[in-house]
Structure formats: structure tokens, C-alpha cells
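Q: just the structure for this:
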Amino acid sequence: MRTPLVDLVIPDGWQEVDAHGQVLAVAAPDDGAWTFRPNGVLSVRASTEPIHVLGARAISEARALPVWSHVVADQPWFLEGGEGRVVESLYETDGVCVSVTRYVIATGCHAIDLTMSASIRDRFLVEDQFDMIAGGMEVKDAA
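A: Model prediction:
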């Protein structure tokens, strides 16, 4: 899938569910088998903020949810095209514990945010797909 500044490789069967401006949302097949349908949301916005600010914001946003939430990990992410961090968190909604992995990148001109979510029960079924999407992200020179 292509956006003006970032290209994503999505797994077979996954589909685009929303795209507008610099936001792209994809999801696993809606086959009724999921507790919480695995999905990914990519957003790109103009920003000169450094990675430590973007990482801190990701942590703050996870902790500020109006439901139970917990930040599990925050670690550097090494990739071509910018500095990155990975923030992992959990939250509960409608009796389902959702696992969130948020990949944030600071390019100096843009903030790139790829948020991948699945129920904690189903997370291990889509872990490889999440890694494929994040690892296959291509940040274009204009970003």
C-alpha cells in the first residue's frame, strides 16, 4: 500500500479499511474469528519533534486512556529513514484486553506513527504479520 511519504507491505488477506490524507488503516480479514479484529493505523504528520518527544507522547497517550491501560515496554527502534521507538501497551475495552504496539519515527520533517492492535488472546496469531508490516515500512526521501 502506498501513501505519499510511506509505503507499507500488508499481509495477504488484509485489507484497507480507511484512507484519507496522511492516514491509512488496514485490518485482518473480517472472518468473525477474532475477539478484536487485528488492525494497523499509519499516520504521518509534519513535525520537527525529536524521537524522545514522540516516544514520550506515545507513552502519555497510552496512559491517558479513559479505561484501564498499562505501558509494557519502550525501546529504541533502528531503521533506515529516521530514528524510531517502539512502545507496547495494553488496554481493556468491553471485557477484551487489547495489545498495542506503536512504532514511531522522527525524520526531522515528519512524525510517522504505525499503531498495530490485536486482542492479547489473538496477538500471537498475528505477531509475524505485525513484524512484516512494521519491518517492511519504507519511508520515502521526502519524509
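
Q: which phi and psi values does the residue nearest the centre of the chain adopt?
A: The chain has Thr115 as the residue nearest its centroid, 1.6 Å off, counting by Cα atoms, centre = their mean. Here is the backbone geometry of Thr115 (degrees, to the nearest 10): phi -110, psi 120.

Q: repeat that for Ile51.
A: phi -60, psi -30.

Q: average model confidence for stretch 33-43?
A: On average, the pLDDT along stretch 33-43 is 93.

Q: and it, end to end?
A: One end of stretch 33-43 sits 27 Å from the other (Cα to Cα, to the nearest Å).

Q: residues contacting that stretch, please?
A: 3, 6, 8, 10, 17, 22-28, 30, 93, 96, 98, 112-119, 121-122, 125-126, 129-130, 133, 137 (Cβ atoms under 8 Å, 6 or more residues apart in numbering). C-beta coordinates here come from the backbone N, C-alpha and C atoms, glycine included.

Q: 6 Å instead?
A: By Cβ atoms under 6 Å, 6 or more residues apart in numbering, the surrounding residues in contact with stretch 33-43 are 23-28, 96, 98, 113-119, 121-122, 126, 133.

Q: same thing with stretch 55-67?
A: Here stretch 55-67 makes contact (Cβ under 6 Å, 6+ apart) with 69, 71, 85, 87, 89, 91-93, 102, 104.
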